[in-house]
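**Q** with the sequence up front, the predicted model follows.
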Protein chains: 2
Amino acid sequence: MLLSKSSVYGIRASLYLAAHNRGQYNSIREVSEELDISFHFLTKILQNLTADNLMESYKGPNGGIRLSAKGRKATLLDVVIAIDGPDLFVECALGLPGCGSSDPCPLHNNWAMVREGIKDMLARTTLEEMAKEGKANKFRITPDGHFSWQ
Amino acid sequence: MLLSKSSVYGIRASLYLAAHNRGQYNSIREVSEELDISFHFLTKILQNLTADNLMESYKGPNGGIRLSAKGRKATLLDVVIAIDGPDLFVECALGLPGCGSSDPCPLHNNWAMVREGIKDMLARTTLEEMAKEGKANKFRITPDGHFSWQ
DNA sequence: ATTATTTAAGAGTTTAATGTCTTTAATATA
DNA sequence: TATATTAAAGACATTAAACTCTTAAATAAT
Ligand code: SF4
Ligand code: SF4
């Protein structure tokens, strides 16, 4: 898999939050049930996003989680980096020790292009814009069935 | 990591064999030492490649492993598929259940392009051609230091 | 104040990838 | 035939990713 499960769950949750109840808190329980993701696991993942100030959380009744202003302007790339770190966008294809662009392996230049392609894919639009497009195009972010962009 | 360790080791071993002693058998011990890969682990990985007829093995004194005719014409893509299967080149970005190009997620089209980019990178040239280019450009496939394209 | 609701924190479990070790089978050479 | 050399096969161990469970802390409502 290109992205870790944690990143994929983080992305789906971010898109869900970008599309729902802007400004309000959504409980992690609700998000986990809508997206069919383990509640405790999702909680852990979202903690990375609040630690990176992409989200804000609030404890207690009617508490939950929401995108911060920074989070609404953020892209999926920011989400992935907050969760899994920048490795995927830095590391090389063959992982040879002591390697670099001088004295390269046969994949070096091609790989740099592909890696940029992955980055571009994730950095194309902000979560805010994605929610708009999602509404317009009815893109899916949940398992079969129940989901509405409201 | 984009590719599994098994695939990376398989790629490096394939390139090594493409560059060395064409037609002869190289012992897995030698390959593992030159490339700094665990001997037993590499043995397991290469078994996938012989099972897929990309390599031929021979037991006993002076035995070892070599690229088959098919293997010399194969690409890194064939190596990766023989080791890890075609998943990476088939699977989708977000892994939503019951998903497809109708009713897509926001990444669907971009992801298809990126995935082709990865495939192209690995399918660009045959192992045989790569060995030639390797010699011409002195590309690296081993850890620091000892390696010659002969 | 007490209780209920919610996230945070952290320990623990399971599963899959990675890596090691031992035994077996094939082959060459003496 | 006996011994050495090599890959194949498979059991075993370690590590990291993925997932679960329990307790603590914050907050709201009664
Ligand atoms: S040449 Fe580039 S891609 Fe290849 S191993 Fe070195 S750093 Fe990685
Ligand atoms: S729309 Fe395409 S990329 Fe997105 S989850 Fe579905 S199949 Fe995967």
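**A** Ah, there it is. Ligands and ions are numbered 1, 2, ... in the order given.
**Q** which element is whichever residue of chain A sits closest to ligand 1 on?
**A** Going by Cβ to the nearest ligand atom, ligand 1 is nearest to residue A:92 of chain A, at 2.4 Å. Using the backbone N, CA and C atoms, a C-beta is placed for each residue, glycine as well. Counting by DSSP states H and E, no helix or strand carries residue A:92.
**Q** just checking, it touches residue A:110?
**A** No. Counting by Cβ atoms under 8 Å, residue A:92 does not reach residue A:110; the two are 11.5 Å apart.
**Q** in chain A, which residue is closest to the centre?
**A** residue A:11 (2.9 Å; Cα atoms, centre = their mean).
**Q** shouldn't it be within a helix?
**A** Yes. Assigned with DSSP: H, G, I helix; E, B strand; the rest coil, residue A:11 falls within a helix.
**Q** pretty sure it contacts residue A:75?
**A** No. Residue A:11 lies out of contact with residue A:75 (Cβ under 8 Å); the separation is 10.3 Å.
**Q** how many other residues sit next to residue A:60?
**A** 6 (other Cβ atoms under 10 Å in any protein chain shown).
**Q** check residue A:5 too.
**A** The number of residues packed around residue A:5, counting by other Cβ under 10 Å, is 12.
**Q** gap between it and residue B:63?
**A** 42 Å (Cβ to Cβ, to the nearest Å).
**Q** do residue A:107 as well
**A** For residue A:107, the distance to residue B:63 - Cβ to Cβ - is 30 Å.
**Q** who's more crowded, those two?
**A** Taking other Cβ under 10 Å, residue A:107 and residue B:63 do not tie; residue A:107 has more neighbours (22 against 12).
**Q** so what's that one up against?
**A** Taking Cβ atoms under 8 Å, 6 or more residues apart in numbering or on different chains, we find residue A:107 in contact with A:93-94, B:76, B:121.
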